[in-house]
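Visitor: Got a sequence here, can you build the structure:
(chains A and B)
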Protein chains: 2
Amino acid sequence: MEQIKQHKCHGGTLSYYTHQSQETGTPMRFSLFTPPEEIKTGGYLIFLSGLTCTEDNFTTKAGAYKKAAELGMSILVPDTSPRGKDVPDDENYWLGQGAGFYIDATQAPWAKNFRMESYLIKELLPACETHFDLDATKKSIMGHSMGGHGALTLYFKYPQKFVSCSALAPLVAPTQVSWGRDVFKAYLGEDEELWAPHDATECVQRSACADTNKTILIDQGMDDEFLRVSLKPELFETACQNAGQDLMLRRHVGYDHSYFFIQSFINDHLDWHKKMADL
Amino acid sequence: MEQIKQHKCHGGTLSYYTHQSQETGTPMRFSLFTPPEEIKTGGYLIFLSGLTCTEDNFTTKAGAYKKAAELGMSILVPDTSPRGKDVPDDENYWLGQGAGFYIDATQAPWAKNFRMESYLIKELLPACETHFDLDATKKSIMGHSMGGHGALTLYFKYPQKFVSCSALAPLVAPTQVSWGRDVFKAYLGEDEELWAPHDATECVQRSACADTNKTILIDQGMDDEFLRVSLKPELFETACQNAGQDLMLRRHVGYDHSYFFIQSFINDHLDWHKKMADL
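Guide: Coordinates of the predicted model:
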């Protein structure tokens, strides 16, 4: 791992790294905040970002590190896809570079590089736990928008790996959104049965989460420009009710999809994950 | 004034505006945060940004609005210069667009547009006070780097206008820095006597501030890459000691010049200005 930049921040350390990924076949970047050493608990939160984002958006805009420093919590922010001139891309911002969807693509031309699920679970998280002395038993996951989809689905796929999950304005049902269907067709092929494990609402409907059933926290702005056509939190809410999955879905009047929404509620999420990790 | 964007943030409102400036002869942009209406005191803080910045850097990266919302404080963030294809510029980032230095240039080709002092004092602040119902008697000023220079010198030039002044890693003595001298020569001409009112250390040495003598708060990171060659806070510190100007200069081990430094100490500055405004 090569450190690109390091900044002291709220008594802790914010660093950017690059490393060569075997899963994506490309260099991958991430940022890591670690709190002041004397109060570092070892626990950490993975924040997955939305479409078009890099590891830098949350890092510079979320205003999360004051609270993280107070809680002794580390925060790991990966990039949203492999990148580079030899990596496939698409003219639509919801497919290709900046739009990895935190899944392993199976279809050409994406399958070779777009392996974000395996990259995160098999490569980045274990590497960071070893390299930065993070506690694998106190690992939480959250995300925004496409990253909320990533956080929810990875939580359902690997229920033993994460102590808690939350999301801000997540994409909860990509298979019920027209551009989400286009993405899954491109990455996963025509057989819709193979899409289900990568759709949080489908996961809950199939009770993939029944063995953990810890409460999931979701915040959603009611002036979010993507709310009605793409995000549709009511689909996930109904599925959770039917499946007996505890969900705290908070609707916030006037808030949109931006980082001004994220910064307004991020502290609640950090407190939430800290509490869940300490249970 | 034309509103470009508006976001709900921490219960308040963050908005971007553009308006046509008579002073600069160009459209000018700024951002304004206003706290939740029920706790809005009317007081406001002007934040002046550093070289290369627009109105967007502080707005998105400083993490200041949670505290501002709690304090009932509004925050106004202007751009750092006039901009546009018909506005003069320079290949050096410390001169021209993005580098207005918060002064009125007197020399060609800068004099026509680069009137940031008059723009702020005669135009933007009065306009905002009227348009957004801000309290002209509870007005504070602060800045970062070149914006720290701007905050200090405008505070000394207009001691009755501002209730308090603070700075993060300010440029305190531009006339003692080689590239600062180049800037002043370009904007103000060869006569160095005319530079003095625009150099905070010179202002204090000439006791321009003796009639107010409220404590000034400055935070400085000791790993700041510009500390030794350009910022030189010890020059201002000595001048303040000699002139009897109260100064609280805090030196912070390990912090650099970035917004990770700014976000680490911004809350202290907001608390400080609130306290000074309430005196």
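
Visitor: Only C-alpha atoms from now on, for both contacts and neighbour counts.
Guide: Noted.

Visitor: ranges for the helices of chain A?
Guide: Here chain A has its helices, by DSSP state H, at A:56-61, A:65-71, A:116-118, A:125-131, A:146-157, A:178-188, A:200-205, A:233-243, A:259-278.

Visitor: Would you mind naming the residues that bridge with A:Met248?
Guide: Counting by DSSP bridges, A:Met248 is bridged to A:Leu217.

Visitor: now swap in A:Ser140 and tell me
Guide: Note on A:Ser140: beta-bridge partners A:Leu45, A:Ser164, judged by DSSP bridges.

Visitor: give the contact list for it.
Guide: A:Tyr44, A:Leu45, A:Ile46, A:Phe162, A:Val163, A:Ser164, A:Cys165, A:His273, A:Ala277 (Cα atoms under 8 Å, 6 or more residues apart in numbering or on different chains).

Visitor: Angles on the backbone of the fourth one, please.
Guide: When quoted as degrees, to the nearest 10, the phi and psi of A:Phe162 stand at phi -120, psi 140.

Visitor: In terms of pLDDT, where does it sit?
Guide: Looking at A:Phe162, its pLDDT is 96.

Visitor: Quick check: it touching A:Ile141?
Guide: Yes: contact criterion Cα atoms under 8 Å: A:Phe162 and A:Ile141 qualify, at 6.7 Å.

Visitor: what touches both of the two?
Guide: Taking Cα under 8 Å, 6+ apart as the contact rule, A:Phe162 and A:Ile141 both touch A:Tyr155.

Visitor: of those two, who's got more company?
Guide: Remark: of A:Phe162 and A:Ile141, A:Ile141 carries more neighbours, 26 against 20, as counted by other Cα atoms under 10 Å in any protein chain shown.

Visitor: Now do the most centrally placed residue in chain A, the pLDDT please.
Guide: Residue closest to the mean C-alpha point of chain A, counted by Cα atoms, centre = their mean, is A:Leu48 at 2.6 Å. pLDDT for A:Leu48: 98.

Visitor: Equivalent analysis for A:Lys122, please.
Guide: With respect to pLDDT, A:Lys122 scores 98.

Visitor: and it, how many neighbours?
Guide: By other Cα under 10 Å, the residues close to A:Lys122 number 12.

Visitor: Pull up the gap between the most far-flung residue of chain A relative to its centre and A:Leu279, please.
Guide: What lies farthest from the middle of chain A is A:Glu38; by Cα atoms, centre = their mean that is 27.8 Å. From A:Glu38 over to A:Leu279 the distance is 22 Å, taken as Cα to Cα, to the nearest Å.

Visitor: again with A:Arg181
Guide: Computed as Cα to Cα, the A:Arg181 to A:Leu279 distance reads 38 Å.

Visitor: So between those two, which is more surrounded?
Guide: Using other Cα under 10 Å, the more surrounded residue of A:Arg181 and A:Leu279 is A:Arg181, with 18 against 7.

Visitor: got any ranges where the stretch 51-200 of chain A has weak pLDDT?
Guide: By pLDDT under 70, the stretch 51-200 of chain A has no low-scoring segment.

Visitor: Model confidence at the closest residue to chain B within the stretch 151-279 of chain A, what's the number?
Guide: Across the stretch 151-279 of chain A, the shortest distance to chain B (Cα to the nearest Cα) belongs to A:Ser264, at 4.7 Å. Per-residue pLDDT puts A:Ser264 at 98.

Visitor: The one 5 residues further on too?
Guide: As predicted, A:His269 sits at a pLDDT of 98.

Visitor: what's the answer for A:Gly244, then?
Guide: At A:Gly244, the predicted lDDT confidence score is 89.

Visitor: Disregarding residues adjacent in the polypeptide, which is nearest to A:Asp256?
Guide: Sequence neighbours aside, A:Asp224 is the residue nearest to A:Asp256 in space, at 3.8 Å (criterion: Cα to Cα, 6 or more residues apart in numbering or on different chains).

Visitor: And A:Gly25, its phi and psi?
Guide: Phi and psi for A:Gly25, reported as degrees, to the nearest 10, are phi 70, psi 20.

Visitor: For it, grab the count of nearby residues.
Guide: Neighbours of A:Gly25 (other Cα under 10 Å): 16.

Visitor: surely it meets A:Arg115?
Guide: No: A:Gly25 lies out of contact with A:Arg115 (Cα under 8 Å); the separation is 9.3 Å.

Visitor: For the residue of the stretch 151-279 of chain A closest to chain B, list the residues it contacts.
Guide: Contact analysis of A:Ser264 by Cα under 8 Å, 6+ apart lists B:Cys9, B:His10, B:Gly11, B:Lys66.

Visitor: who wins for most neighbours among these?
Guide: B:Cys9 (27 neighbours).

Visitor: so what's the closest residue to that residue other than its chain neighbours up against?
Guide: Distances taken as Cα to Cα, 6+ apart place A:Phe260 nearest to B:Cys9, at 5.3 Å, with adjacent residues excluded. Residues in contact with A:Phe260 (Cα under 8 Å, 6+ apart) are A:Ala62, B:His7, B:Lys8, B:Cys9, B:His10, B:Thr60.

Visitor: JSON lines for these, including distance to A:Ala108?
Guide: Shown next, in JSON lines, are those (distance: Cα to Cα, whole Å):
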{"residue": "A:Ala62", "distance to A:Ala108": "35"}
{"residue": "B:His7", "distance to A:Ala108": "40"}
{"residue": "B:Lys8", "distance to A:Ala108": "42"}
{"residue": "B:Cys9", "distance to A:Ala108": "42"}
{"residue": "B:His10", "distance to A:Ala108": "44"}
{"residue": "B:Thr60", "distance to A:Ala108": "38"}
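
Visitor: Count the residues that sit near A:Pro88.
Guide: Neighbours around A:Pro88, by other Cα under 10 Å: 18.

Visitor: Backbone dihedrals for it, both of them.
Guide: Torsion angles at A:Pro88 (phi, psi; degrees, to the nearest 10) stand at phi -60, psi 150.

Visitor: Enumerate the residues of chain A near chain B.
Guide: Within chain A, the positions near chain B by Cα under 8 Å from any Cα of the partner chain are A:7-11, A:60-63, A:66, A:254-256, A:258-261, A:263-265.

Visitor: can you do 7 Å?
Guide: A:7-10, A:60-61, A:63, A:254-256, A:260-261, A:264 (Cα under 7 Å from any Cα of the partner chain).

Visitor: which among the residues you listed gets closest to B:Asp133?
Guide: Of all the residues of chain A next to chain B, B:Asp133 sits closest to A:Gly254, with 21.9 Å by Cα to Cα.

Visitor: How about the contacts made by the closest one?
Guide: Neighbour list for A:Gly254: A:Gly221, A:Met222, A:Asp223, B:Lys8 [criterion: Cα atoms under 7 Å, 6 or more residues apart in numbering or on different chains].

Visitor: Between all of these, which two are separated the most?
Guide: Maximum pairwise distance in these, criterion Cα to Cα, is 10.8 Å, between A:Met222 and B:Lys8.

Visitor: Can you check the pLDDT for the residue farthest from the centre of chain A?
Guide: 93.

Visitor: Good, we can wrap up now.
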